Structures are given as structure tokens and as C-alpha cells.
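Enquirer: Return a 3D structure for these sequence lines:
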Amino acid sequence: MKTLSAFLCFFLMCFFGGLSAQNTQNNSLSLKEVFTERFPKTLSFRNDKYGIHNDSSFWEKAHLTFNSITKKYLKEEVDIPPLIAEWANNYVEKHPEKLMLIHLNGEGRSVNDPDMHKLYFPGHWIYEEGTVPLRDIVKRQNTIFLDNAKPFSNKAYIVHGQNNKGKDNLPHDIILIELDEKGNRLWDKYEYARITDVDYKNNSITIKRGMYHTKQRTFKKGRTYIAPIAGDFWGGNLMWYYNLSATCPLDENGNSAANVFVNEMKNWFGKKGILENLDGIGFDVNYFEVDHKTWDCNNDGKADQGFIDGKNIWRKGDIEFLKNIRATFGDEFIITADGWRDDMQRAVGILNGMETEGLCRWNDGYRQISRTINQHVYWNMYNETKYQFSYITSKLRNLNDAKIATQLHRMGMAISTCLGITYAYSAPLFIPEAVGGDLNQINWLGKPLGSMKYTFYDAPDLLKDSGLSFNNELVAKFNFEKADYQVIDNALHITGQSEDVHKKMVIPGPEINIAEGDLVIYFEAKAIKGFNELEEDNLIPRKINVKMNGLKELPVEPMNSHKLHNELAGFMGTKGFTPQMFYFRNAGGSKEKLKMFLEAEEQGEFAIRNLRVYNAPCGIYREFENGAVLVNPSLSSINFDLEKLSGNGIHYKRLQAVLPSEGQLDGNLNEVMEYNNGKGIKDNNQVEVPALNALFLIKTNSN
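Expert: Predicted coordinates:
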């Protein structure tokens, strides 16, 4: 009988185990539209509360033309009704071909989220450098005299997005906490308060006490520390920043802030969790480096900006946090994060991809296009996750860029398509190129038939091929006063000499003479040594950059965007050489000589090879099964030769734009229909694309 029971148990385990494995396979992310090889791919990005005053059928219909969706579904940042998460879960069940992510803040938490103070203890937040009181503090005492009032401010937190009663800044929240005899913080003996006034002359603060469910306490002079809480105002709420460093204090259960955060995710995405059917996380912000000079990550009372004893404790802790998420949820789970700024995420091989917020950044619709291309090329080449999912968003906060939003959105979708990634914009916006105009078919271009190409390849190399071997004449034009160098296998290897291994390396290079027009610097780069403090076997890239001295001074633009033309970036890792392209518009005609400078993160050895310099605009193109995409990020028109793209005998026509049955057309109807007029291309050798624009073409025949 025992034998029969054991056999029956074994049979049932195998049977239900087989069902479980089958269900997992059937629910594989490989079935999602975004993980096919068909383009263009689209993502419905944010506009979190769109449709909430309608019913779920309206919400569903508004998103069906997108391949994927990422929105806020929790109260961790924005006050979102729980109903939207329910709609999202139902949508995934009904449309399993669509990818659904939560847009999650990976930096901080709303103080108004009910779960915040239940799950996290005071040691889980980042504090700024603080001070000590000069006298004992009693209950109901609101004015406190300090050793130094400078760490505190009435205008500490910037109000982003929605204003708080018309204010642009809010005062510090603070912690008052007891210390033991060694000066260590006693995390269970504390009180939260808020600054109402700061008297710098008399070194005193006036505070509102007993905030965030804490009770007023007495505090003794010499055994008390008072510190500002690091945060900012986003999405309509004040947010405190998680301490994701390697030195984050542990709560009574032995958990860091990162551990608690991951445990929350388990509940959200678990059985009967609020995000049970969703496919992963699109982190809004999750920082690779600390950008705040006032942060005290190890709680020793001194601002450290994430570095202790010359080691980056923030980077180490944050990467472990991301590895923990990946280990917890496995390969069938998507994780992305912002990567458009230097201190943002670069966890290639852990994350499935990255977000570029705006075609280049939120205040730049075209200037730093080199960075966007270089960064995504690196991710595409070296990301080893099972699924790759990177995207560029349509955000345009620069007022000058917003005036030409329609063409910049078109160019953004075109760049994304050429790179083989996804373009993100918000419902109810309708972009005709997403569905091929009157074809009204998502992913209509089909599969790519080749790689992305540049028009400048056809221009002469100003270095006359000397950068292919780095001959003595070219090497002599670099200044290696602060670096060591050698040429190995036609590649120039450079190592910094500074004792500060984290210091940026700057290498003056050759002068470049062009009378007028655009300038492109092109080479391949490899980091022989990766980032310090990181394991050798990782895919995280160091930044490499080219700057040009002597460029013409540009007119001042809103948000200082004019400065971005010479703030480009490339990315190099240890696994192999990666193509780098640096595009300088209207570089010619300057009164000063142009001089090239190489910049590299840290002092570790790196190498460049196949250096070329072109006096030409940067046109971009790619052929697909059912059409072609032409991109012009220059400031003048470019004529493309379709014969070079797809050979003789292939004919093309423009899309035929029509009014959308759902959504709001992007741009003026007449202008859009005039540009996408359905007409055939008469001369394949001269296809003009206007400045800062793109053209999607349909094949009318094939070989």
C-alpha cells in the first residue's frame, strides 16, 4: 500500500509538474510582438491616468495599436487608482501578445504611500550631512539650536511637474535620532520632523514635529544627531530616496532597503498580487552613480557621494540590487531603466535594455544623437539577456524642439527602427508611420534585410587611412604627457598615469581642418580594463567621448541645450571593440582651428582602432522586407541613393497618411498628408529627406 501511495504521489507530481512547465512555456515572452523581428515596434509610454474616467473597453481600445505598454499602477510615486492595475492584468490575459510593464521609480518612494512606513525602517533612506543639537530637546519644543544650521533649507526639494500650492521648492524633512556611546545611530529611537524655518545667523531651526506617524520624543545633548532626508517632489508627491548602497543599514529582520524592495516586488508580481499578469519593470530612474554631493551613504555624518575609502559603494550596492531582481524573477521577466545620463543605469547583461528619455534626452530632440546611437549599439552588441528590450521616448521639453515635434517624432521612430529597438509615445497620440499609413498594420515593415548604414561612409577619410594603422605620423599628433601608450595590432592603446584611478582621462588629439559643413569622427573602442571595484567578467561599459575645441559659438537655447552639441558620448566594454560615431553639425567655418580631444572614464587602459574623420553629414538608412527607412539628423537636406540601399529594380512609394479611427493625429493633417502622400519615388538615386526628419517608404515590388 505504501508503495502504491508513493507511486501515485510521484505520478501526480510529474503530471502537474508537466502542466506547470507547459504553462510556463506557453506564457513565454517569446510570443510577444516586441520580441519578433518585425518593425517598427512601439510602446505606449505613461500618460498614466488616460482613460480612467471611461471604462476598461475604452482603455483597451486606446492601446491596441501598440506592441507594449508601460505605466504607473501603484502609489509608490503617483496617486494611481487600483482600478488601473486591474485593467492592466485583464488586458494581458485578453491580449497575451502584448508586453505589459509597470513604470516604477527605482530611486525613491512617495511619503504618502501607505506601505512606505510599514515596510521600511529609518535606516533605509538616504540622509545628507547633518549636525548635533547644542542643548537637550524636550517634547513640544519646536526651535532647536544647533552646532551648524547650514545643512538645512526651506527650499530643499525641487517641485517637478505638478506644483505644490504654487511653490517651486519645499523645505527639508529631517530625522532626529538617538546615538549610542560610540556615536552609532539607534534606528529604533527616532522622530521625523519638517523644517518650517532656518535661522543661519543664530544656528537654529524651527520644525514641525511628530511627522509620518512618529511621536514627539525627548533627545539628549551629546547623544543626538539631526540630519536632512534626501528627496525631491515628483508626480505630485514628496519622495524620499532609498539607500541602495552596499552600506545600507539592516532592519531587525536583517534586510537592507534593496531587500525590502525586492520582497515587495515578489508580492506585487506573485500569485494574486496586484501585478500578477504583468511582464516586468521599466524603472523610471535607478542610478548607477550618485549625483548628489550632499549624500551620506554610510551614515558616518560626512557627505561621501557614494565613495568610501576610494571605493564606489553606491555602484556596488545598486548592481547587487539589480542582480537580486534578476535572480528572483528569472529570464522570463523584463527589467529596463533610464540610461540617457552618465550617472544612470548601465547594467548590461542584467537588465534587458535601457530607456533613452527623449530622442537624446528630455531637453534634446536631436543634438546628442551620437550618444543615443552609440549607447544602443553597445547594448545591442553585448547584452546577453534572453530578451532585449530598449526604447527611445518621444519626450520633447525643449520649447524649440517642441515647435517641430511631428518631424522629430518621425525621426525618433525612424532612428529606433534602424537601431532595431522600440519607439515609445503616449496614447492617444497617433503616428502614421507606426502602422504604415493606410496599410493600418502594426510592424508593417517586416524583418530587416541588413544592418543600419551611414551615408558618410562614401565620403573621403580626411586622415587618408592613417587611422587604420595608427602610423607614427598620426600618433605624434596626440599628446601623451599624462598617459602611456603603445600601438598593438593597429590599435592605439592608452593608459592613464594619475594615481586617482577614478579620474577622467583627457588626451589631446590631432587638429582637423574643414572649410565648412559637418564633421564625423568614427572609430572602434574597447576597454582593456573595466570599471574599478567591479568584477572583471562583466558587460558594464565605460564612457568614451570626443570633444572638439574651436567649434563656433552657438545661439543660446532654452535649458542650455546649445551646450549639448559638444557633449556627446560613446561606450566601450571589455568584451570587444564597439563602433563609435561622433557627429558635429556645422563644424566648419570657425575662426579657430578644430582640435580633437579624447576623454575616457577612469584611468584604466583602453584601445581605439580604425579611426576615420569625415567632412560630411550623417545620413542613416536601413532596408526591410516591405520598405526602407531614411533618417536625416543633420541641419540640411540629404539626398539618399536607394540603389545603394537595395539594388536595382526595387521601387518605392511614400506612405499614404489617413485620419486615424482611434487616437489623435500627430501634427497638422494637411502637412502630414502632404508629406506622406502615397506617391511613388521617381528617381531612386535622389530621394530627398529634409533636415531633422525621416522618411518611411513602402516597397511596391521586390526582386
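Enquirer: With adjacent residues omitted, what lies nearest to P96?
Expert: L31 (6.6 Å; CB to CB, 6 or more residues apart in numbering). Glycine gets a C-beta too; all of them are placed from N, C-alpha and C.
Enquirer: for Q388, same thing?
Expert: Distance criterion CB to CB, 6+ apart; nearest residue to Q388, sequence neighbours excluded, is G353 at 5.6 Å.
Enquirer: about what we covered before: neighbours of the residue nearest to P96, how many?
Expert: By other CB atoms under 10 Å, 13 other residues sit near L31.
Enquirer: what about it, distance to L492?
Expert: Per CB to CB, to the nearest Å, L31 is found 46 Å from L492.
Enquirer: Low-confidence ranges, the protein, go.
Expert: Applying pLDDT under 70 to the chain picks out residues 1-27, 162-166, 702-703.
Enquirer: In the stretch 301-450 of the chain, what residue spans correspond to strands?
Expert: All strands of the stretch 301-450 of the chain, identified by DSSP state E, counting those that start in this stretch, fall at 307-308, 311-312, 334-338, 353-356, 391-393, 422-425, 429-430.
Enquirer: Now tabulate these in a markdown table and tack on distance to A694 and mean neighbour count.
Expert: Below are the strands of the stretch 301-450 of the chain laid out as a markdown table (distance: least, CB to CB, whole Å; neighbours: other CB atoms under 10 Å):
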| stretch | distance to A694 | mean neighbour count |
| --- | --- | --- |
| strand 307-308 | 43 | 17 |
| strand 311-312 | 39 | 18 |
| strand 334-338 | 24 | 25 |
| strand 353-356 | 16 | 27 |
| strand 391-393 | 13 | 25 |
| strand 422-425 | 11 | 26 |
| strand 429-430 | 17 | 19 |
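Enquirer: closest to N538 out of these?
Expert: strand 311-312 (13.6 Å; CB to CB).
Enquirer: Now stretch 44-54: buried residues?
Expert: Going by neighbour count (16 or more other CB atoms under 10 Å), the buried part of stretch 44-54 is 44-46, 48, 50-51.
Enquirer: quick one: which of those residues sit in strands?
Expert: 44-45 (DSSP state E).
Enquirer: CA-only coordinates of stretch 686-703 in PDB, if you can.
Expert: C-alpha atoms of stretch 686-703 as PDB (Å, rounded to 0.1, in the frame of the first residue of the first chain):
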ATOM      1  CA  GLN A 686      17.900  61.300 -55.500                       C
ATOM      2  CA  VAL A 687      15.400  60.800 -52.600                       C
ATOM      3  CA  GLU A 688      15.400  64.000 -50.500                       C
ATOM      4  CA  VAL A 689      14.800  63.900 -46.800                       C
ATOM      5  CA  PRO A 690      14.500  67.400 -45.100                       C
ATOM      6  CA  ALA A 691      16.600  68.400 -42.200                       C
ATOM      7  CA  LEU A 692      15.900  66.800 -38.800                       C
ATOM      8  CA  ASN A 693      13.400  64.500 -40.400                       C
ATOM      9  CA  ALA A 694      12.900  60.900 -41.700                       C
ATOM     10  CA  LEU A 695      11.100  59.100 -44.400                       C
ATOM     11  CA  PHE A 696       9.400  55.700 -44.300                       C
ATOM     12  CA  LEU A 697       9.000  54.100 -47.700                       C
ATOM     13  CA  ILE A 698       6.900  51.100 -48.900                       C
ATOM     14  CA  LYS A 699       8.300  48.700 -51.500                       C
ATOM     15  CA  THR A 700       6.000  48.300 -54.400                       C
ATOM     16  CA  ASN A 701       7.900  45.300 -55.800                       C
ATOM     17  CA  SER A 702      10.800  43.100 -54.900                       C
ATOM     18  CA  ASN A 703      13.500  41.100 -56.700                       C
END
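Enquirer: for it, the distance to its chain's centre please.
Expert: Per CA atoms, centre = their mean, to the nearest Å, the displacement of stretch 686-703 from the mean C-alpha position of its chain is 30 Å.
Enquirer: just stretch 666-686 next, same as before
Expert: 33 Å.
Enquirer: contacting residues around the residue nearest in space to the middle of the chain?
Expert: By CA atoms, centre = their mean, the mean C-alpha position of the chain lies nearest to D338, the distance being 1.7 Å. Residues near D338 by CB atoms under 8 Å, 6 or more residues apart in numbering: 283-286, 344-345, 354-355, 357.
Enquirer: now the helices for the stretch 251-400 of the chain?
Expert: 257-269, 313-329, 369-382, 399-402 (DSSP state H, counting those that start in this stretch).
Enquirer: scratch that, the chain is what I was asking about
Expert: Taking DSSP state H, the helices of the chain run over residues 2-26, 56-63, 82-94, 116-119, 257-269, 313-329, 369-382, 399-402, 405-419, 472-475, 642-646, 669-675.
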